[in-house]
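Colleague: below is the sequence, then the predicted model.
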Amino acid sequence: MKKRVLLSAIAAASLLAASPFSFAADDTFKIGLILPMTGQQASTGKQIAAAAHLYMAQNGSTVAGKKIELIIKDDAATPDVTKRLAQELIVNDKVNVIGGFGVTPAALAAAPIATQSKTPMVVMAAATSIITQASPYIVRTSFTLPQAAVAMGDWAPKNGIKKVVTLVSDYGPGIDAEKFFKERLIFNGGQVVEALRVPLRSPDFAPFLQKVRDLKPDALFVFVPSGAGAAVMKQFLERGMDKAGIKLIGTGDVTDDDQLNDMGDGALGVVTSHHYSASHNSATNKKFVAAFEAANKGMRPNFMAVGGYDGMRVIYEALKATKGKGTGDDLLAAMKGQIFESPRGPMFIDAQTRDVVQNIYIRKVEKVGGKLYNTEFDTLKDVKDPGKAK
């Protein structure tokens with residue numbers, strides 16, 4: 001019995017390891033996106049899927065003689081499901097690249113599959129620093145929380161904010177945001193009087209916000225996943241924390257472009273640090289936003305959309321560079337070092353870390369043309385992930 005199980009395991013491993021080479025005689029290039037299309041992070045999946053479809057509509061579905069096939073699978077941000085879907089996409093669907101990954105645990109679950117099968121894995125959303133270290137086949141086109149958190153840790157104390165309470169979702173990105181914001185704030189002469197962590201699943205911000213009000217800090221620094229910002233904003237305002245003189249600051253997730261207009265005028269003046277705003281003032285971004293909104297009625301692109309859009313670009317350009325004939329290793333090599341103008345501004349994929357290097361912007365919520373936008377007013381150029389700088 002043991003021998004049969006061992007032989008089955010060897011056969012499965014061999015099939016997984018062989019899969020990148022099975023497409024050589026095929027005229028189809030398959031991209032498998034694993035996204036949370038349902039559940040708490042559904043807005044992330046919908047934004048990335050919409051952006052991927054837009055990129056294909058604008059750039060064609062044939063590259064270097066290969067017909068591009070996009071396969072989207074819903075993992076509901078559940079790591080066990082992510083892992084199974086990654087295996088199925090590589091072994092059964094014989095995809096050439098996997099991408100997406102709405103949350104860090106999902107990306108980490110798929111990483112060993114990418115390594116074993118030598119399949120490039122383009123992370124378009126998840127933002128914990130360690131992700132690219134989980135597999136040599138991971139390339140990231142989203143951002144890292146340390147990039148955004150350090151920028152706010154510099155800005156806040158220079159603008160009269162010295163005493164801060166942090167409130168983050170209790171998982172990888174939140175812990176990164178808390179750590180790097182706190183380190184930089186203290187370095188600049190500020191203090192974190194309390195560090196609060198909220199459960200990722202079924203979060204209730206109310207008791208935490210009441211504690212913040214009682215502590216009376218200069219500001220509350222917040223990180224929550226894309227899609228959860230509206231709940232924080234609503235409860236922050238309901239408790240009159242703004243009227244009590246407590247400022248709300250954070251990474252850009254809290255004033256997510258996808259939800260910002262639903263937050264109401266109470267969001268006006270909230271300052272955040274992030275790598276993308278729908279109001280970013282460039283010709284490339286204006287074209288992107290107009291096309292995205294035309295193709296997706298009622299949706300405004302957010303930072304998840306730009307991660308997906310740029311992720312598709314990185315894949316397309318790698319396929320062109322390998323003339324449609326590359327193995328997983330060839331594609332990976334062609335992804336490293338790509339430099340281009342994104343809707344977010346200039347960016348490149350660091351050839352050593354395979355992580356994104358980009359501008360980080362300080363933004364304030366303002367009303368423009370009757371709508372709320374994150375208006376950029378300061379720029380930190382070419383920011384590498386501080387989590388890898390040590």
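Modeller: Nice, thanks for sending it over. As the structure is a computational prediction, the values presented were derived from the model and not from experiment.
Colleague: look up phi and psi at the nearest residue to I113 once chain neighbours are set aside.
Modeller: Leaving out its chain neighbours, the residue that sits closest to I113 by C-beta to C-beta, 6 or more residues apart in numbering is A86, at 4.3 Å. To be clear about C-beta, it is placed using only N, CA and C from the backbone, and glycine gets the same treatment. Per-residue torsions, A86: phi -60, psi -40 (degrees, to the nearest 10).
Colleague: I figured A86 hits I98, correct?
Modeller: Yes. With contact defined as C-beta atoms under 8 Å, A86 and I98 form a contacting pair (5.8 Å).
Colleague: which residues in the stretch 1-150 of the chain form helices?
Modeller: Ranges of helices within the stretch 1-150 of the chain are 2-18, 42-59, 79-91, 104-117, 145-158, based on DSSP state H, counting those that start in this stretch.
Colleague: select, out of the ones you listed, the one closest to V306.
Modeller: Nearest of those to V306, taken as C-beta to C-beta: helix 42-59 at 7.0 Å.
Colleague: for that closest one, buried residues please.
Modeller: Residues of helix 42-59 classed as buried: 42-56 (neighbour count, 16 or more other C-beta atoms under 10 Å).
Colleague: ok, stretch 366-374 next?
Modeller: Those would be E366, L372, Y373, N374, for stretch 366-374 by 16+ other C-beta under 10 Å.
Colleague: cool, stretch 173-181 as well?
Modeller: P173, G174, I175, D176, A177, E178, K179, F180, F181.
Colleague: which ones among the residues you listed map onto helices?
Modeller: Those of those mapping onto helices are P173, G174, I175, D176, A177, E178, K179, F180, F181, per DSSP state H.
Colleague: of those, closest to L200?
Modeller: When these are compared against L200 (criterion: C-beta to C-beta), the nearest one is G174, at 7.8 Å.
Colleague: list the contacts for the spatially closest residue to I339 that is not a sequence neighbour?
Modeller: Nearest residue to I339 in three dimensions, chain neighbours excluded: F348, at 4.1 Å (C-beta to C-beta, 6+ apart). By C-beta atoms under 8 Å, 6 or more residues apart in numbering, the contact list for F348 reads G337, Q338, I339, F340, V356, V357.
Colleague: out of the buried residues of stretch 366-374, which is nearest to M233?
Modeller: For these, the nearest to M233 is L372 (11.0 Å; C-beta to C-beta).
Colleague: mind listing what's buried in stretch 87-107?
Modeller: Within stretch 87-107, the residues scored as buried using 16+ other C-beta under 10 Å are 87, 89-91, 93-107.
Colleague: and it, average pLDDT?
Modeller: Averaged across stretch 87-107, pLDDT comes to 97.
Colleague: chain center to that stretch: distance?
Modeller: 16 Å (C-alpha atoms, centre = their mean, to the nearest Å).
Colleague: CA-only coordinates of that stretch in PDB, if you can.
Modeller: Presented in PDB, the C-alpha positions along stretch 87-107 are these (Å, rounded to 0.1, in the frame of the first residue of the first chain):
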ATOM      1  CA  GLN A  87      -2.400  22.900  -8.900                       C
ATOM      2  CA  GLU A  88      -5.400  22.400 -11.200                       C
ATOM      3  CA  LEU A  89      -4.500  25.400 -13.400                       C
ATOM      4  CA  ILE A  90      -1.000  24.200 -13.900                       C
ATOM      5  CA  VAL A  91      -1.600  20.400 -14.200                       C
ATOM      6  CA  ASN A  92      -5.000  20.200 -15.800                       C
ATOM      7  CA  ASP A  93      -5.400  23.500 -17.700                       C
ATOM      8  CA  LYS A  94      -1.600  23.700 -18.500                       C
ATOM      9  CA  VAL A  95      -1.400  27.500 -17.900                       C
ATOM     10  CA  ASN A  96       1.900  29.200 -18.700                       C
ATOM     11  CA  VAL A  97       1.600  31.800 -16.000                       C
ATOM     12  CA  ILE A  98      -0.500  32.100 -12.800                       C
ATOM     13  CA  GLY A  99      -1.400  35.500 -11.400                       C
ATOM     14  CA  GLY A 100      -3.800  37.500  -9.200                       C
ATOM     15  CA  PHE A 101      -3.700  36.600  -5.400                       C
ATOM     16  CA  GLY A 102      -5.900  39.000  -3.500                       C
ATOM     17  CA  VAL A 103      -4.500  38.400   0.000                       C
ATOM     18  CA  THR A 104      -1.100  37.400   1.400                       C
ATOM     19  CA  PRO A 105      -2.100  33.900   2.800                       C
ATOM     20  CA  ALA A 106      -3.400  33.000  -0.700                       C
ATOM     21  CA  ALA A 107      -0.100  34.100  -2.400                       C
END
